[in-house]
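A.B. asks: predicted coordinates and the sequence they were generated for:
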Amino acid sequence: MTLQRPPVNSLNLDLLKEMSKSLDEIAKNKSKAMILTSASPKVFSAGLDIMEMYKPDLKRVEEFWTTLQEVWFKLFGSNFITAAAINGHAPAGGCLLAMSCEYRVMTGGNFSIGLNETALGIVAPNWFMDTMTNTIPVREAEYALTTARMFNVEEALKVGLIDEVATDKDDAIAKCKGFIGKFDRIPALARSITKLKMRQAAIKRLQDGRREDLNEFLQFVQNPKIQKSLEMYIQSLKKKA
Ligand SMILES: CCCCCCCCCCCCC/C=C/C(=O)SCCNC(=O)CCNC(=O)[C@H](O)C(C)(C)COP(=O)(O)OP(=O)(O)OC[C@H]1O[C@@H](n2cnc3c(N)ncnc32)[C@H](O)[C@@H]1OP(=O)(O)O
């Protein structure tokens, strides 16, 4: 599955809906595995589209958040094998997508990956945190989350946030295929049940608290102070150009 929403693959409602549909198709056509990557040469995904949260239409922003939750359920909780070929920056929601897969290969270069929410004055939702503690040790996750740590490729490898480094996108995809090949001799049902048991606690936490998570987001996004800081953040991103 190749993300292709220039310039930075930010996740807006339309892209999330497309992803949700594609994940359904992959599940339905009984694919063995999926590799998630990006069509951009330097950004895997810039995370959530900030414009979806800025001065939002309430109905749309509610659909935006519930679709994001759905994409996470379908990706994190998939029966099929998932790997991410991370060929560029992966901040925040981009990192969430990568961590929701079972294996991550990142191309070398001046790219970074991590959950940077606290630097933006916001708190990553519980399920973002659960996805991170499912990937790296709890102590490392707490440190990374509180300090909004963006890891370079070497640091990400060292902490286990990624599993391998690749020279370029083709190499990243080849390495993801190498991971998928490891399951050729493992019975598929035993593999998928094991994966889902490992992920069950995180999945159940969001299933049980899904409405509450949405309400918290809606409250947050309607807070005038948050809107003000969003405005400033958007300006700072644009000034960069
Ligand atoms: C700040 C979020 C506050 C949310 C408040 C609401 C409450 C929510 C509470 C719940 C919490 C939700 C958890 C949030 C998860 C997220 O994913 S939030 C998004 C966080 N993402 C980022 O901070 C990444 C920002 N982008 C970058 O750092 C860089 O763009 C990049 C990815 C490293 C790529 O750099 P580069 O190739 O140099 O491109 P740029 O020139 O920076 O960008 C090109 C244009 O794209 C626009 N853009 C970039 N990121 C986003 C984005 N996430 N959403 C929308 N638009 C984005 C950027 O402004 C440029 O636009 P133009 O200048 O108009 O071309």
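C.D. replies: Everything's here; your move.
A.B. asks: make it CA atoms for all contacts and neighbour counts henceforth
C.D. replies: OK.
A.B. asks: residues from this structure in reach of the ligand?
C.D. replies: Proximity of the chain to the ligand is confined to 7-8, 10, 43, 46-51, 53, 89, 91-93, 120, 122-124, 217, 220-221, 226, 230, 237-238, 241 under the rule C-alpha under 6 Å from any ligand atom.
A.B. asks: so how do I select the buried members of the residues you listed in ChimeraX?
C.D. replies: Selecting only the buried entries of these in ChimeraX, with 16 or more other C-alpha atoms under 10 Å as the criterion:
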select :8,10,43,46,47,48,49,53,89,91,92,93,124,217,221,226,230
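A.B. asks: now intersect the residues of the chain next to the ligand with the helices, please.
C.D. replies: When the residues of the chain next to the ligand are checked against helices using DSSP state H, the ones located there are 50-51, 53, 93, 217, 220-221, 226, 230, 237-238.
A.B. asks: what's around residue 138, how many residues?
C.D. replies: The tally of other residues near residue 138 (other C-alpha atoms under 10 Å) stands at 14.
A.B. asks: any idea how far the ligand is from it?
C.D. replies: With distances defined as C-alpha to the nearest ligand atom, to the nearest Å, the gap from residue 138 to the ligand amounts to 19 Å.
A.B. asks: ok, that residue - contacts?
C.D. replies: The neighbours of residue 138, taking C-alpha atoms under 8 Å, 6 or more residues apart in numbering as the test, come to nothing; the list is empty.
A.B. asks: mind starting the numbering at 6 from now?
C.D. replies: Let's use 6 as the start, then, which means that last one is residue 143.
A.B. asks: on that earlier part again, just send the ones in helices among the residues of the chain next to the ligand back as a markdown table, with distance to residue 72 and pLDDT too.
C.D. replies: Formatted as a markdown table, those follow (distance: C-alpha to C-alpha, whole Å; pLDDT from 0 to 100):
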| residue | distance to residue 72 | pLDDT |
| --- | --- | --- |
| 55 | 15 | 96 |
| 56 | 16 | 97 |
| 58 | 14 | 96 |
| 98 | 13 | 98 |
| 222 | 13 | 97 |
| 225 | 17 | 94 |
| 226 | 16 | 95 |
| 231 | 22 | 92 |
| 235 | 21 | 92 |
| 242 | 25 | 90 |
| 243 | 27 | 87 |
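A.B. asks: any chance of those residues in CSV, plus distance to residue 41?
C.D. replies: What follows is these, written out as CSV (distance: C-alpha to C-alpha, whole Å):
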residue, distance to residue 41
55, 22
56, 24
58, 25
98, 14
222, 26
225, 30
226, 29
231, 32
235, 29
242, 26
243, 28
